[in-house]
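Student: based on what follows, work out the 3D shape:
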Amino acid sequence: MRLRYCAVKRCSHDLHYLTRNLVWDPFSLLLEAQGTMEITLNRASFDSRCTQGSLSIDGQFQCYTLELPNKDGKPGWCIPQGRYRVVLAPSPKFESSPDPWVQKYAGQMPHLEDIPGRSLIMIHWGNDASNTEGCILVGKDQSLDYIESSRAAFTDLYEEIQADANNGDCWITIVGGATVADAAGA
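Tutor: From the prediction side, this is the model:
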């Protein structure tokens, strides 16, 4: 039987791999054994205004998400499904903000790397699709086409991922919606 992990649970003495009867991926298991943080964005709701979902870290719910609508994965729509490294880097958009709270994070924002045809894609605060140009918004509560307590959700998420993202040991897997092949072929 070939296995692939679907989630990893950290505890004080070991890492516990939760598996499915899929394809075994030794590289991913090696990354997990070295302490790589795995974030999963599960998209659950798609409509003409936005895409909503939830974000978990190592299998544990963290917050809700809101993105642009789902179509073909190209700019102007939610990003394609896939696995992307998350790194902390400056945000030209937020560095120019006069808001002291925004300035606290502007120099070290979570960016997703190597998304085909995209740059400066981040995870940040906001409440509805008008607050994003392609990034992933986070919130503690959700309703139809809206998330709330976004700054609180971002602060909690940032504290969880900061060390791993600074070390290049943080990845996000996006499940649901357009694929990279859709973006390339559309």
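Student: longest strand anywhere in the protein?
Tutor: When the chain is parsed with DSSP state E, its longest strand is strand 37-46.
Student: so what secondary structure elements neighbour it?
Tutor: Contacts defined by 3 or more C-beta pairs under 8 Å, 6 or more residues apart in numbering; DSSP states H and E place strand 37-46 against strand 4-10, strand 51-57, strand 60-67, helix 150-166, strand 170-175. Using the backbone N, CA and C atoms, a C-beta is placed for each residue, glycine as well.
Student: mind putting the ones you listed into a markdown table with distance to R83?
Tutor: Shown next, in a markdown table, are the helices and strands packed on strand 37-46 (distance: least, C-beta to C-beta, whole Å):
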| stretch | distance to R83 |
| --- | --- |
| strand 4-10 | 12 |
| strand 51-57 | 14 |
| strand 60-67 | 16 |
| helix 150-166 | 15 |
| strand 170-175 | 5 |
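Student: which one, of the ones you listed, ends up nearest to A106?
Tutor: Between A106 and these, the tightest spacing by C-beta to C-beta is seen for helix 150-166, at 11.9 Å.
Student: rewinding a little: give the pairing partners of the longest strand of the chain; include direction for each.
Tutor: Next to strand 37-46 in the sheet, as set by DSSP bridges, lie strand 51-57 (antiparallel), strand 170-175 (parallel).
Student: out of the ones you listed, nearest to K93?
Tutor: Counting by C-beta to C-beta, K93 lies closest to strand 170-175 out of those; the figure is 19.7 Å.
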